[in-house]
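Q: Just a sequence and a predicted model for now, questions to come.
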Amino acid sequence: MESMSVRPDSSRTGAVLSTQVSGSRYFFLGLTGTSRAGVIPAYGGFEQCDPDYVVQREHFDFCALELVVAGEGVVRLNGRETQLRAGSLFYYDHSTRLEIRTDPVRPMAKYFLCLTGARAKSRLRAAGLRPNSVAPIAMFPEVQRVWEDLIREGLHHRATAARICAALVAVLLLKIEELAGFSGQKGIAAEETYLRCKSLIEGQAASLATLGEITKTVGVEASHLCRLFRRYQGQSPYQYLLHRKMALAAELLMNPSTLVKEAADQVGFADPYHFSRCFKKVHRVAPKEFQRSLKHL
């Protein structure tokens, strides 16, 4: 069964994208010239899979990376099946017979990046990645943040976009090299779980609201997560989340035109009075006083 089609945006390049997605964001850069030196981002993006998402390919023209950040699924790489979950990173190229299926109950959200250039394969190998394999990335939100920067810059369509994206790909691969190596070490399961949860909170602080949301996202029991944070952080995971929210709020309020209620809403507080109390608890100053103090700097 072939579940792929060419979208109008990419028809000029022959790039193939799934139609069984929603909430997708794509960028397109240097899509030809595989003999060029270096590692060149060709195209990539983010996809929220529909429940019936299926991809089947017999070959592919690029070196491709995909990172699952939510949901579950399965990938077959040259016939070898591996379960996918948040943090699963896999790599395939022209030698790969590929099949990807999402769990219809928990559809995947994932990022993908297609690379070309004469050094693409060697750089991926240097990052510890092997074609037709799946690597667990414990602290995947750190990789996710770089991927978001890559998409944003790729969508700008400026003269410098290709060079900026190439630099971000270098950062992305260095981050993958660091975190994939960390995930493979033994005897550090507790610290790895803590760092994975901490990284998630840092990356999604604005949208997370409760301890329950954190534990559901990372798949760790609340009591275990609290013990880990007390051990490594000296505070509860919710306290750490609150501090991250208030740090983001302070950044927003450094703009004198930002209203307190706007900052509250952007970090997930429906009640601006509750937000003000939390802000003062963390920063020892009320939000409006904080903004007034900046005028004298």
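A: Done, it's in.
Q: if I look at G268, how far off is L241?
A: For G268, the distance to L241 (C-beta to C-beta, to the nearest Å) stands at 10 Å. Every C-beta, even on glycine, is put in place using the N, C-alpha and C of the backbone.
Q: for I137, same thing?
A: Using C-beta to C-beta, I137 is found at 21 Å from L241.
Q: Then A64?
A: Relative to L241, and taking C-beta to C-beta, A64 is found at 34 Å.
Q: between the two, which one's more packed in?
A: L241 (25 against 22; other C-beta atoms under 10 Å).
Q: Let me know the helix or strand that the closest residue in space to that one that isn't next to it in sequence is in.
A: Excluding its sequence neighbours, the residue lying closest to L241 (C-beta to C-beta, 6 or more residues apart in numbering) is I201, at 5.2 Å. Element membership for I201, per DSSP states H and E: helix 189-204.
Q: Helix or strand next in line after that helix, which one?
A: In N-to-C order, the element after helix 189-204 by DSSP H and E is helix 211-218.
Q: Next, count neighbours for R284.
A: 9.
Q: sorry, back to before: joint contacts of G268 and L241?
A: With contacts defined as C-beta atoms under 8 Å, 6 or more residues apart in numbering, the residues shared by G268 and L241 are L208.
Q: just to revisit the earlier point, tell me the buried residues in the helix holding I201?
A: Residues of helix 189-204 classed as buried: 192-204 (neighbour count, 16 or more other C-beta atoms under 10 Å).
Q: what's the angle between it and helix 211-218?
A: 110 degrees (axes from the mean of the first three to the mean of the last three C-alpha atoms, to 10 degrees).
Q: what residues does helix 189-204 touch?
A: 87, 138-142, 144-145, 182-183, 185, 208, 214, 217-218, 220, 224-225, 228-229, 231-233, 237, 240-241, 244.
Q: In ChimeraX, how would I select just the buried ones from those residues?
A: Provided next is the ChimeraX selection string for whichever of the contacts of helix 189-204 are buried by 16+ other C-beta under 10 Å:
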select :87,138,139,140,141,142,144,183,208,214,217,218,220,225,228,229,237,240,241,244
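Q: And the pLDDT for the residue nearest to L241?
A: The per-residue pLDDT reported for I201 equals 88.
Q: ok, so what distance separates it from S236?
A: Here I201 is placed at a distance of 11 Å from S236 (C-beta to C-beta).
Q: swap in V285?
A: 23 Å.
Q: what element comes up after the worst-scoring helix or strand of the chain on mean pLDDT heading to the C-terminus?
A: Every helix and strand of the chain was ranked by mean pLDDT, DSSP states H and E. The lowest is strand 4-5, at a mean of 32. Going down the chain from strand 4-5, the next helix or strand is strand 17-18, by DSSP H and E.
Q: and that following strand, what does it pack onto?
A: For strand 17-18, the elements it packs on are strand 4-5, judged by 3 or more C-beta pairs under 8 Å, 6 or more residues apart in numbering; DSSP states H and E.
Q: Show me where the stretch 101-250 of the chain has its strands.
A: 109-116, 133-136 (DSSP state E, counting those that start in this stretch).
Q: Just the CA trace of the first one, in CSV.
A: Okay, so that is strand 109-116. What follows is strand 109-116, C-alpha atoms only, in CSV (Å, rounded to 0.1, in the frame of the first residue of the first chain):
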residue,chain,number,x,y,z
ALA,A,109,4.0,13.7,16.7
LYS,A,110,7.4,13.8,15.1
TYR,A,111,10.1,15.9,13.5
PHE,A,112,12.0,14.9,10.4
LEU,A,113,15.0,16.2,8.5
CYS,A,114,16.4,15.2,5.1
LEU,A,115,20.1,15.8,4.5
THR,A,116,22.2,15.8,1.4
